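Q: next come a sequence and a model predicted from it.
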Amino acid sequence: MASNGNGQVAMKGNGLKKITTSEKQKYNKDNGGICQDMSAPTVKAQTIDELHSLQKKKSAPTTPINGTQAPFSPISDQERQKQQLQSISASLASLTRETGPKVVKGDPANKVQPTKVHHHHHVEAPTISVSDSSLKFTHVLYNLSPAELYEQAIKYEKGSFITSTGALATLSGAKTGRAPRDKRVVRDDVTGEELWWGKGSPNIEMDEHTFMVNRERAVDYLNSLDKVFVNDQFLNWDPENRIKVRIVSARAYHSLFMHNMCIRPTPEELEDFGTPDFTIYNAGQFPCNRYTHYMTSSTSIDLNLARREMVILGTQYAGEMKKGLFSVMHYLMPKRQILSLHSGCNMGKDGDVALFFGLSGTGKTTLSTDPNRYLIGDDEHCWTETGVSNIEGGCYAKCIDLAREKEPDIWNAIKFGTVLENVVFDEHTREVDYADRSVTENTRASYPIEFIPNAKIPCVGPHPKNVILLACDAFGVLPPVSKLNLPQTMYHFISGYTALVAGTEDGVKEPRATFSACFGAAFIMLHPTKYAAMLAEKMQKHGATGWLVNTGWSGGSYGSGSRIKLAYTRKIIDAIHSGSLLKAKYVKTQVFGLEIPTEVEGVPSEILDPMNTWSNKQAYKDTLLKLAGLFKNNFATFTDHKIGKDNKLTEEILAAGPNF
Ligand SMILES: Nc1ncnc2c1ncn2[C@@H]1O[C@H](COP(=O)(O)OP(=O)(O)O)[C@@H](O)[C@H]1O
Ligand SMILES: C=C(OP(=O)(O)O)C(=O)O
Ligand SMILES: [Ca+2]
Ligand SMILES: [Mn+2]
């Protein structure tokens, strides 16, 4: 039944509902006592168009508009606008035609005539051949707000929906995870010397020319569209080492994702943005050409450090952009003696900082998001002479089996503004079923860091006190927690171990061990020992303690045991933060030589030594030795490398591995 807001609904004889207003209803005596409902005054507009034009108010300018310039403002707003369009046109320039596209701001769907048109020339040379593409405008949707991006996504991108909590559900297409085998890095004289190439390295080479072929393919594709999205944002909360990034993309989904993941500039910062330090061309819907040299599939993610550009073809998985930029930081920061870290980071009330290293799915995001601590960041950080800083402006949480009780802060962050990738929801209520794996196991939520109530803004902190290495050991033989000395910390940092269950495939019973140097081999650019040496130096200098935490299996391998309860892992982490675990009694394990506490508050003591939890002791021993063998094999590639200036440390690290 319809109601008038006062809860009064009356019926007339003919059955039609008559809605009456309250006693506050006024009678206008001047017009003969005819009842007029004054609680809903009429609009001022004379026409529908006028009414609609009233709806949207112009955004407030951040600096005085022309004529009322601030006395020291070097350039006018108009000039600044022009420079901005020139910069975007230069970004989108086809390098074979040596001229940028005609760039115009705004949605082509809006009937209003474009106000600014600019045709940017790289070089002052006459255009030799004019093709249709150079006659066409490139419409740019520049740093749109989340609300505008929602509208764009819902209107134009199939698979975009608003969930019951207000998040934007999207589909990333055929690819639902990163494609490390399709990543290429331009090898030139400089990078040939500087980067890590060869066995174990994530850097698969391509030449400069092939990069340009793919760049041209992406740029032409983007310019052929009705419109492109451009995000100008920052990386790194450390103001001295902030990097300006531009992301050109074809989907509102990608634009909103990067809006969330990078640091969002204030309107003032945006005005003075200037030329970006790094540009991503995301033409993910369009494949690369398999006849192009170096291409082994229709997907290619290409990094050119000299040009400071990245090109994405053939994958729409948004995580590719954030992790691509992370690779760039892994190159730029060490050049400045800054250590880049694939880690989560949080800080206690007393200013004690903890780093959480670990491969995908080991718990960086889950464990750094802690209601009792300030969140500095969930995934990518820098450690400088003065402390730590988050590289990003947002978090990227896994959502598979997400439960409100276990991860309340992440649950509550999934609201308006959050991008929810590849989840399944009820077609009517739009309630998400986080247990549903129909699209992928890798369902994700991307949200600005301030969606976590106790985020530390700005996302910086003092030097870390604890360095926690997370491993999800699906073999079930690593202890839930062990205290590491420095050589052990380095050994496990360089090893970068985790073992995950092999996914949903039938018949796969064995966990699969993964070793990924520095817990991020897919993103590091230099040899792992470079990062390891910096970490050792910093941990030593600042007296940080290393810990190895197994967030994986207990009571047997995958299949017979089960994953350690998140509640227990949280108790272990609490004891590390509070310092109480430092005071515990320790015993040393066989083979790996790990120091394990005999007691941790809130955790059953019998699970602290994994041997106790296995009913078949022989099976435990066999599995332990098997894992130790895998560690040994993996580390063989590093044995002829020196770590830091100190040969003694190198020897100690080599001795810190399993002994059997
Ligand atoms: N004991 C545990 N410790 C940490 N995470 C756990 C544990 N048990 C289950 N999980 C789940 O494992 C996943 C960890 O993923 P996440 O924190 O996103 O990893 P990362 O950020 O390192 O990629 C989450 O889905 C979390 O709910
Ligand atoms: C974004 C990613 O990182 P993580 O799984 O560590 O959150 C990824 O691997 O795609
Ligand atoms: Ca202004
Ligand atoms: Mn994460």
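A: Received, thanks. Ligands and ions are numbered 1, 2, ... in the order given.

Q: tell me the helices and strands packed up against the helix ranked longest in the chain.
A: If you go by DSSP state H, the chain has its longest helix at helix 617-635. Helices and strands touching helix 617-635, by 3 or more CB pairs under 8 Å, 6 or more residues apart in numbering; DSSP states H and E, are helix 486-495, strand 497-500, strand 512-515, helix 610-613. Where you see a C-beta, it was placed from the backbone N, CA and C, and this is true even at glycine.

Q: which other residues reach the helix or strand that the third one is followed by?
A: Scanning the chain past strand 512-515 towards its C-terminal end, the next helix or strand to appear is helix 528-542 (assignment: DSSP states H and E). Judged by CB atoms under 8 Å, 6 or more residues apart in numbering, the contacts made with helix 528-542 from elsewhere in the structure are 196, 330, 334, 337, 339-341, 383, 463-465, 467, 486, 489-490, 493-494, 517-518, 521, 524, 544, 546, 638, 641-645, 649.

Q: of those, keep whichever come out buried.
A: Using 16 or more other CB atoms under 10 Å as the burial test, the contacts of helix 528-542 include 196, 330, 334, 339-341, 383, 463-465, 467, 486, 489-490, 493-494, 517-518, 521, 524, 544, 546, 638, 643-644, 649 as buried.

Q: those also near ligand 1: which ones?
A: Of the residues in those, proximity to ligand 1 by CB under 6 Å from any ligand atom holds for none.

Q: low-confidence bits of this structure, can you list those?
A: Applying pLDDT under 70 to the chain flags the ranges 1-39, 61-74, 98, 111-131, 502-509.

Q: run a quick neighbour tally on E50.
A: 11 (other CB atoms under 10 Å).

Q: grab the nearest non-local neighbour of the closest residue to ligand 4 within the chain.
A: Scanning the chain for proximity to ligand 4 using CB to the ion identifies T365 as nearest, at 3.5 Å. Nearest residue to T365 in three dimensions, chain neighbours excluded: D378, at 4.2 Å (CB to CB, 6 or more residues apart in numbering).

Q: name the residues of the chain found near ligand 1, please.
A: 358, 360-367, 397-398, 400, 407, 551, 563-564, 566, 569.

Q: rewinding a little: relative to ligand 3, which of the helices and strands packed on helix 617-635 is closest?
A: With distances scored as CB to the ion, the stretch of the helices and strands packed on helix 617-635 nearest to ligand 3 is helix 486-495 (47.3 Å).

Q: just checking, what packs against the closest one?
A: With contacts taken as 3+ CB pairs under 8 Å, 6+ apart, helix 486-495 sits against strand 464-471, helix 528-542, strand 545-550, helix 617-635, helix 647-655.

Q: can you add distance to V501 and give those back as a markdown table?
A: Output for the helices and strands packed on helix 486-495, formatted as a markdown table (distance: least, CB to CB, whole Å):
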| stretch | distance to V501 |
| --- | --- |
| strand 464-471 | 14 |
| helix 528-542 | 26 |
| strand 545-550 | 14 |
| helix 617-635 | 15 |
| helix 647-655 | 30 |
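
Q: can you report how many residues neighbour L95?
A: Using other CB under 10 Å, L95 has 12 neighbouring residues.

Q: surely it is in contact with R215?
A: Yes: between L95 and R215 there is a contact at 7.3 Å, judged by CB atoms under 8 Å.

Q: which SSE is G476 in?
A: Taking DSSP H and E as the definition, G476 sits outside all helices and strands.

Q: once you drop chain neighbours, what's closest to it?
A: With CB to CB, 6+ apart, the residue lying closest to G476 is W553, at 3.5 Å.

Q: spit out the contact partners of that neighbour.
A: With contact taken as CB under 8 Å, 6+ apart, W553 is in contact with D473, A474, F475, G476, P511, G561, S562, R563, I564.

Q: apply 6 Å and report the result again.
A: By CB atoms under 6 Å, 6 or more residues apart in numbering, W553 lies in contact with A474, G476, G561, R563.

Q: please parse this protein into its domains.
A: What automatic domain parsing lists as the domains of the chain is 180-338+396-451, 465-655.

Q: which parts of the protein sit against ligand 4?
A: Residues of the chain lying close to ligand 4 by CB under 5 Å from the ion are K364, T365, D379.

Q: neighbour-wise, which one of the residues you listed leads?
A: Ranked by neighbour count (other CB under 10 Å), the residues of the chain next to ligand 4 have K364 at the top, with 28 neighbours.

Q: quick revisit: burial measure for the residue nearest to T365, as a count.
A: Count around D378 with other CB under 10 Å applied: 26.

Q: what of A584?
A: A584 is flanked by 17 other residues according to other CB under 10 Å.

Q: would you confirm that it contacts E595?
A: No: using CB atoms under 6 Å, A584 is not in contact with E595; the gap is 9.5 Å.

Q: got any residues that touch both of these two?
A: With CB under 6 Å, 6+ apart as the test, A584 and E595 reach no residue in common.

Q: distance check, the residue nearest to G476 against K565.
A: W553 is 12 Å from K565, where distance means CB to CB, to the nearest Å.

Q: swap in A533?
A: Going from A533 to K565 by CB to CB gives 37 Å.

Q: neighbour count: these two, which is higher?
A: Using other CB under 10 Å, the more surrounded residue of A533 and K565 is A533, with 21 against 15.

Q: and the residues of the chain next to ligand 1, which of them are in strands?
A: In strands, defined here by DSSP state E, the members of these are A397, K398, R563.

Q: now for the closest residue to I596 other than its chain neighbours: which residues touch it?
A: For I596, ignoring the flanking residues on the chain, the nearest one in space by CB to CB, 6+ apart is P479 at 4.6 Å. Going by CB under 6 Å, 6+ apart, P479 touches L594, I596, P610.

Q: so the residue lying closest to the first one once chain neighbours are set aside is in which element?
A: Read that as L594. Nearest non-adjacent residue to L594, counting by CB to CB, 6+ apart: S482, 3.7 Å away. S482 belongs to strand 481-484 when assigned by DSSP H and E.

Q: can I get the CA coordinates of that strand in CSV?
A: Below are the C-alpha coordinates for strand 481-484, written out as CSV (Å, rounded to 0.1, in the frame of the first residue of the first chain):
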residue,chain,number,x,y,z
VAL,A,481,55.2,-19.9,14.3
SER,A,482,59.0,-19.8,14.7
LYS,A,483,61.4,-17.1,15.7
LEU,A,484,64.2,-16.6,13.2
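
Q: and that strand, what does it pack against?
A: Applying 3 or more CB pairs under 6 Å, 6 or more residues apart in numbering; DSSP states H and E, we find strand 481-484 packed against strand 545-550, strand 595-597.

Q: so what's the gap between it and the chain middle?
A: Centroid separation for strand 481-484 versus its chain: 29 Å, with CA atoms, centre = their mean, to the nearest Å.

Q: now swap in stretch 464-482 and tell me
A: Worked out by CA atoms, centre = their mean, stretch 464-482 lies 23 Å from the chain centre.

Q: please see if that stretch touches ligand 2.
A: No: if you take CB under 6 Å from any ligand atom as the test, stretch 464-482 misses ligand 2, and the best it gets is 10.5 Å.

Q: in JSON lines, list the helices and strands packed on strand 481-484 along with distance to N231.
A: Conversion of the helices and strands packed on strand 481-484 to JSON lines gives the following (distance: least, CB to CB, whole Å):
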{"stretch": "strand 545-550", "distance to N231": "36"}
{"stretch": "strand 595-597", "distance to N231": "47"}
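
Q: nearest to ligand 2, of the ones you listed?
A: Nearest to ligand 2, of all these, is strand 545-550, at 15.8 Å by CB to the nearest ligand atom.

Q: what pairs with that closest one, parallel or antiparallel?
A: If you go by DSSP bridges, strand 545-550 pairs up with strand 464-471 (parallel), strand 481-484 (antiparallel).

Q: what does the last one contact?
A: Contacts of strand 481-484 with the rest of the structure, by CB under 6 Å, 6+ apart, involve G546, L548, V549, I572, L594, E595, I596.

Q: just checking, next helix/strand downstream of the helix or strand harbouring the fourth one?
A: If I follow you right, that is I572. Assessed by DSSP H and E, I572 sits inside helix 566-578. For helix 566-578, the following helix or strand on the C-terminal side (DSSP H and E) is strand 586-588.
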